[in-house]
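*Asks:* next one to model:
(chains A and B)
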2 protein chains.
Amino acid sequence: MPLALCRVAIDTYRENVAYLHRECDLYRAEGFQALSKVEVRANGRRILASLNVVDDVAIVGHTQLGLSEDAFSLLGVEEGHAVSVSQAEPPASIPALHRKIAGERLSRRDFREIIQDIAELRYSKIELTAFVMACELGELDREEIFYLSDAMGQVGRRLDWHEHPVVDKHCIGGIPGNRTSMLVVPIVAAHGLLCPKTSSRAITSPSGTADTMEVLAKVEVPFDELGELVRTHRGCVAWGGTSELSPADDVLISVERPLSIDSPGQMVASILSKKVAAGSTHLLLDIPIGPHAKVRSMPEARRLRKLFEFVAGRMGLVLDVVITDGSQPVGRGIGPVLEARDVMRVLTNHPEAPMDLRQKSLRLAGRMLEFDPDIRGGDGFGIARDILDSGRALEKMQAIIRAQGEKPFDLDNPELAPHRFEVLAPRGGVVTAIDNLRLARIARLAGAPKAKGAGVDLLAQIGDRVVQGQPLYRVHAAFRSERGFAHQCSERDSGYSIGQPDEINRLNVEF
Amino acid sequence: MPLALCRVAIDTYRENVAYLHRECDLYRAEGFQALSKVEVRANGRRILASLNVVDDVAIVGHTQLGLSEDAFSLLGVEEGHAVSVSQAEPPASIPALHRKIAGERLSRRDFREIIQDIAELRYSKIELTAFVMACELGELDREEIFYLSDAMGQVGRRLDWHEHPVVDKHCIGGIPGNRTSMLVVPIVAAHGLLCPKTSSRAITSPSGTADTMEVLAKVEVPFDELGELVRTHRGCVAWGGTSELSPADDVLISVERPLSIDSPGQMVASILSKKVAAGSTHLLLDIPIGPHAKVRSMPEARRLRKLFEFVAGRMGLVLDVVITDGSQPVGRGIGPVLEARDVMRVLTNHPEAPMDLRQKSLRLAGRMLEFDPDIRGGDGFGIARDILDSGRALEKMQAIIRAQGEKPFDLDNPELAPHRFEVLAPRGGVVTAIDNLRLARIARLAGAPKAKGAGVDLLAQIGDRVVQGQPLYRVHAAFRSERGFAHQCSERDSGYSIGQPDEINRLNVEF
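*Replies:* Numbering: from 1, shown residues only, chains lettered A, B, ... in the order given. The predicted structure is shown next:
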């Protein structure tokens, strides 16, 4: 009983959904159940999908089979083509999933099978959530985390740059501003190390590196052009097809994000699988700690570092970890345009360049330069500073921007969102703490990253002395309503603590 | 920015889904994310739903908001009505869910809030799965299982029969055939005890009590008529609106079933919450054990019994547990018509009545009769037998059938599905074991319960001596294709073991 394929233009967000009309003969005969798995075959291709039942012929007719956008493009067959549908055996890895749910340790092969099925969207959202939860609650041991990371890196596209070393940096996130990649990449590339930085857009933060870079240049560079571009300029800051690298990661994130799951195992697997698939051989990892950072104490940071080191070692990736000060945002701006302004001020050695961003970027770039076998340990920082101060980093950045596709940007007059307000110090004293999460939330409410010019511009940092009524930060919102949301949020809690100098909780970190 | 409500006729299976067109101004302005929670308000009512993005105006227009069937009926507002939509705060119980994910013990209040949100479909499938998995892997203690059961029983409709006792029986399932309820209810009701048996349809088995009863009578009796009917006849075997009793149970099952999760805690909460909501004061619980039953050993059965006793006690429900022989199907037929035939043969004292079904039903009915304070312990069985043998049980069953709405049924010539085949003994010997799961699977492949006349008719039981080529069972299928599926399955493994008498694994159970 073949049916005609039709595309149901619903974005089911990384879940294959098949639609059958309730009056379809096949549906009636086969005794399908709601949400049961069906196998759809056409042209020698086949996919698994979860079944939804429809009562409207405008969505799917009695002799049609509908597929959601994800499923339709995965099957890769034209509308109207004959498809056959049958009740599917569960994906091959489901017995392994059940063993994990029952608390067993899984083998390398189990993880490969599970990740393969997940990457090909054979898991329903329910099965996917069960896997994530079983890993979260069943506590993967570090060997299992390696199996998971390795399996994720093996599935999907893998880049090979045919040279050594290929360096990259990554921050585990959670610190607003902190746009070090856009400084580190030109410094390292100017020195000659290959640094193909595939960046991501913001998921829950007010801006990702790709969002900020997009203020200055196009970031959606197709894979094919990316290779040529990186080989010519030794670096890039692009967001081309990263979803083809470790595709299972994006599928897992589709349930981890709504559940706010961000466990060490998941973080390690997500980061290292992408880097290995992107062809990196050396990685510098930044773990910021602070009272409002993802990692809140030095012992916790050290545990995470050991885990990253173990898994990276097993994957054949050279890893250096730096633990940094995450007690406040890095740089002054939070939001794409504001952050691009900070980055360009540092690159141009502007008098108002934020020194914290400059200093952190130089230290990170210095450590990355030391991946070069010809650079002595300890010499990296000085070389990085020379490259920045001499204007070679700026030159390199301009070359990369032109290669990716330059966008107009006026550093003296950046296009900031028009609806603004300032948050003032309620009393005099010293800034003793800044709540990263609060400021990120205010910047998002103001419209970042969708509105490029929206965000928060910090006017005081921890340790600064302020008088009553002095502005602590300025908020830029794209719309009046968003200004309202952000204002309300800052009224409830500005995110700034004002007190005495001895109340500052100084962190004793490497830099 | 109000939108016009439209119904999107997709059955999303107990998940509220809202649909917005990608080009809808509101979608663009609000920065909604795929699958993010939105609040839909109209007419003073509001619901939460997960957002799906649509690219087809035939499904939802630029100025419309679509709701899936579940969500549309829950909001209860007409199509075209103005609705407003906004990004929703997560349901109030999400922090409690996160505490459970983090391994904490939850309070009675936490469970109430979570179950309330689940019953009102405020949880996405992802959140629902996370809750089920956290309960499964986090191992609820028995006090928490009570909180969960109690919360489930409190939400939704609750029946009050205004008399005492109100008796019910329940089997934890897994044994094909086993249609004791349809014999126990008329016996107990004929004695005069109130026994409002709300039955369920099959979920994964070849027939539920409601499916089998439906061969003889209508089972979808509206709540309002049910009360009158039960008061007049002292009993019923109906399936009216049981989803209004403990509605959270049905929502939880929508993820437990695809994951094959059937943990003790979940089973206790599901069964006891429904019974308490249905107004029962006394419950007889049947736990069958056997090598292919849900419970496979006596120690496991005892642990489960203690858990049921603890939770029922805390809920104020009088509970008696019987552990029964679940080593093979009970009765000869598996499938609605075949089981109805067995039941009617027992009620009419037919010479071919299956003695195992008669015997088990009498023992269960006897134990239930002893819930009557006027009956001495040990006298129940004899009274039940008198009621059955005298024809009073048959009379009562006929009255209940007429009251619910009689259907034509010819006991001498029941309408069995036409495509049949027999499975023969591959060699001579004694039947030493029968695999319940295998026979249930063959009956389902043959078309049961959708095709009422489909199923398996057993011709030999454990302990029977058979010669080579003698039929072990007959399969009735509705269609040629289904006959093929069932035949293939029985060829791979018939489910029968033939061997020597000393290989029979006799269970030492109460009855």
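
*Asks:* for the record, mean pLDDT for the strand or helix carrying A:Asp250?
*Replies:* Assessed by DSSP states H and E, A:Asp250 sits inside helix A:247-256. For helix A:247-256, mean pLDDT is 88.

*Asks:* again, but for stretch A:163-178
*Replies:* Mean pLDDT, stretch A:163-178: 94.

*Asks:* end-to-end on that stretch?
*Replies:* For stretch A:163-178, the first-to-last residue distance is 29 Å (CA to CA, to the nearest Å).

*Asks:* need the residues of the stretch 201-350 of chain A near chain B, please.
*Replies:* Contact residues, the stretch 201-350 of chain A versus chain B (CB under 8 Å from any CB of the partner chain): A:254-255, A:258-261. Just so you know, the C-beta spots here come from the backbone N, C-alpha and C atoms, and that holds for glycine as well.

*Asks:* swap the cut-off to 10 Å and go again
*Replies:* Residues of the stretch 201-350 of chain A lying close to chain B (CB under 10 Å from any CB of the partner chain) are A:203-204, A:254-261.

*Asks:* what's the closest of those residues to B:Thr129?
*Replies:* Ranked by distance to B:Thr129 (CB to CB), those are led by A:Val255 at 8.2 Å.

*Asks:* how many neighbours does the closest one have?
*Replies:* By the criterion of other CB atoms under 10 Å in any protein chain shown, A:Val255 has 29 neighbours.

*Asks:* how about the helices of the stretch 251-400 of chain A, start to end?
*Replies:* A:264-277, A:298-315, A:336-347, A:355-369, A:380-389, A:392-404 (DSSP state H, counting those that start in this stretch).

*Asks:* could you say which of those is packed most deeply?
*Replies:* helix A:336-347 (a mean of 27; mean count of other CB atoms under 10 Å in any protein chain shown).

*Asks:* so A:Met355 touches A:Asn349, yeah?
*Replies:* No. With contact defined as CB atoms under 10 Å, A:Met355 does not reach A:Asn349; the gap is 11.5 Å.

*Asks:* skipping its backbone neighbours, what lies nearest A:Asp379 in space?
*Replies:* Spatially, and ignoring its direct neighbours in sequence, A:Asp379 is nearest to A:Glu370 (7.3 Å; CB to CB, 6 or more residues apart in numbering or on different chains).

*Asks:* how near is the one you found to chain B?
*Replies:* When distance is defined by CB to the nearest CB, to the nearest Å, A:Glu370 is 39 Å away from chain B.

*Asks:* let me know the pLDDT of the residue in the stretch 401-511 of chain A that chain B sits nearest to.
*Replies:* For the stretch 401-511 of chain A, the residue closest to chain B is A:Lys450, as judged by CB to the nearest CB, at 5.0 Å. The model reports A:Lys450 with a pLDDT of 87.

*Asks:* nearest spatial neighbour of the residue most central in space within chain A, skipping sequence neighbours?
*Replies:* The centroid of chain A falls nearest to A:Ser200 when counting by CA atoms, centre = their mean (4.6 Å). Ranked by CB to CB, 6+ apart and with sequence neighbours excluded, the top spatial neighbour of A:Ser200 is A:Gly208, at 5.0 Å.

*Asks:* give me every residue that touches that neighbour.
*Replies:* If you count contacts by CB atoms under 10 Å, 6 or more residues apart in numbering or on different chains, A:Gly208 has them with A:173, A:179, A:181, A:199-202, A:214, A:219, A:239, A:336, A:449.

*Asks:* hmm, 8 Å instead?
*Replies:* Shown in contact with A:Gly208 (CB atoms under 8 Å, 6 or more residues apart in numbering or on different chains): A:199-202, A:449.

*Asks:* among the residues you listed, which one has the most neighbours?
*Replies:* A:Pro449 leads the contacts of A:Gly208 on contacts (other CB under 10 Å) with 24 neighbours.

*Asks:* the least confident helix or strand in chain A by mean pLDDT: what's the following helix or strand?
*Replies:* Lowest by mean pLDDT, DSSP states H and E among the helices and strands of chain A is helix A:25-30, with a mean of 72. Using DSSP H and E, the helix or strand that follows helix A:25-30 towards the C-terminus is strand A:37-42.

*Asks:* sorry, back to before: give me the secondary structure label for the residue of the stretch 401-511 of chain A closest to chain B.
*Replies:* coil (DSSP: H, G, I helix; E, B strand; the rest coil).

*Asks:* count of neighbours near it?
*Replies:* Count around A:Lys450 with other CB under 10 Å applied: 16.
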